[in-house]
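**Student:** Model the following, please.
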Amino acid sequence: MDKEINQVIKTTEEMSEVIETMADYERELEASFRKISEGDIISGTVISVDEEGVILDLRYYTQGVIRAEDMSDDPTFFVLNDVSVGDVIEATVIRTDDGHGNILLSKKAANQVLAWDVLKGYMDENKDLTVKISGVTTGGAICYVEGIRGFIPASQLALDYVEDVSEWQGKTVKVRVITVDEAQEKLVLSAKVILKEEVAQAHAHKVAMIIPGTVLEGVVESLTAYGAFVNIGDGLSGLVHVSQISQKRIRKPSEVLHVGDKVKVKVLNTNDGKISLSMKALVEDMEAEEVEEFNFESEGEATTSLGSLFANIKIDL
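**Tutor:** The predicted structure follows:
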């Protein structure tokens with residue numbers, strides 16, 4: 001019985017293999033008969049790479065060839081480093097016969113059609129991209145994304161002013177796409193937007209670590225009509241509102257404070273990433289402590305006096 005069951009299983013597996021083989025054959029046959037014309041964008045799998053270019057398996061009766069110079073406009077691109085066997089490449093048909101029976105393709109030409117949609121997607125997603133600066137001008141840096149020439153204005157290279165753009169030549173930076181204009185062939189990138197976000201996140205983390213009620217020392221860095229900004233160190237500043245400067249009512253902070261004054265402050269809250277401080281609260285806390293200490297000492301003296309009084313009382317039994 002077991003022998004019969006095994007035979008049935010074996011027969012079923014063989015039939016499945018035959019069906020899969022037939023399906024593959026049908027797909028290949030259908031692919032080989034499809035019509036490929038100049039200007040079509042088709043995809044293929046890399047089966048060979050050398051310095052002269054790549055050869056693609058197009059699942060067609062002939063292979064596709066992309067010359068190295070037709071791979072990318074990026075001057076840093078090197079076919080042996082940037083392409084591997086097994087990669088899938090989309091390319092435009094330049095000629096259906098290169099003189100050797102192969103289909104001549106251009107990845108650069110396909111990029112001019114396909115890459116702009118990809119770049120728009122990057123912009124919509126706020127996707128971080130790592131690029132290498134391949135050239136510089138007086139106004140900024142040049143790099144390539146998806147084979148398209150992009151420009152990073154000097155004002156978007158760093159948080160601070162960039163005086164010498166030439167120092168950025170060959171550097172690798174993280175950028176985001178901020179402008180995509182296919183009609184004008186304009187691609188603008190920014191490293192600054194990412195850096196600003198990173199600084200904001202680091203600042204928010206520092207603020208979140210401050211516990212309300214903490215007493216800190218700081219230096220008055222600026223005065224406004226509504227309060228004083230105090231530098232409490234580690235790149236953080238907080239606001240002492242005019243109502244929190246003194247127990248006495250003052251019209252403006254400059255009546256009691258000056259820029260550069262060293263002060264002690266109490267953290268009231270850190271809502272919305274902003275640090276609210278108080279000088280008045282410290283005075284109130286000190287007064288409350290003095291009152292509590294005074295009450296404790298008074299109660300202690302009363303207890304001692306009563307003890308002494310009872311000690312002098314003689315009771316005859």
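**Student:** Check which helix or strand Gly238 maps to.
**Tutor:** Gly238 is located in strand 236-241, with elements delineated by DSSP states H and E.
**Student:** Keeping just the C-alphas, turn that strand into PDB.
**Tutor:** Output in PDB follows, covering the C-alpha atoms of strand 236-241 (Å, rounded to 0.1, in the frame of the first residue of the first chain):
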ATOM      1  CA  LEU A 236      19.600  75.500  26.000                       C
ATOM      2  CA  SER A 237      17.900  78.700  27.000                       C
ATOM      3  CA  GLY A 238      14.700  79.300  28.900                       C
ATOM      4  CA  LEU A 239      12.300  82.200  29.400                       C
ATOM      5  CA  VAL A 240      11.700  83.800  32.800                       C
ATOM      6  CA  HIS A 241       8.400  85.700  32.200                       C
END
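**Student:** what packs against that strand?
**Tutor:** Under the contact criterion of 3 or more Cβ pairs under 8 Å, 6 or more residues apart in numbering; DSSP states H and E, the helices and strands touching strand 236-241 comprise helix 192-208, strand 227-233, strand 262-269, strand 276-278. Quick note: C-beta positions are derived from backbone N, CA and C, even for glycine.
**Student:** redo that, cut-off 6 Å
**Tutor:** The helices and strands touching strand 236-241, judged by 3 or more Cβ pairs under 6 Å, 6 or more residues apart in numbering; DSSP states H and E, are strand 227-233.
**Student:** Parallel or antiparallel, list what pairs with the strand it packs on.
**Tutor:** For strand 227-233, the paired strands and their directions (DSSP bridges) are strand 215-224 (antiparallel), strand 236-241 (antiparallel).
**Student:** Enumerate every residue touching Leu70.
**Tutor:** That one is not Leu; residue 70 is Asp. Under the criterion of Cβ atoms under 6 Å, 6 or more residues apart in numbering, the neighbours of Asp70 are Ser106, Lys108.
**Student:** Show the pLDDT at it.
**Tutor:** We note a pLDDT of 94 for Asp70 in this prediction.
**Student:** Also Gly227?
**Tutor:** pLDDT, Gly227: 95.
**Student:** what residue ranges in the stretch 201-317 of the chain score low on pLDDT?
**Tutor:** Applying pLDDT under 70 to the stretch 201-317 of the chain picks out residues 285, 287-317.
**Student:** now what about the strand holding Gly238, what contacts it?
**Tutor:** Residues from elsewhere that reach strand 236-241 (Cβ under 6 Å, 6+ apart): Lys206, Gly227, Ala228, Phe229, Val230, Asn231, Ile232, Ile275, Leu277, Met279.
**Student:** Can you list the buried residues in it?
**Tutor:** Taking 16 or more other Cβ atoms under 10 Å as the basis for neighbour counts, the residues of strand 236-241 that come out buried are Leu236, Ser237, Gly238, Leu239, Val240.
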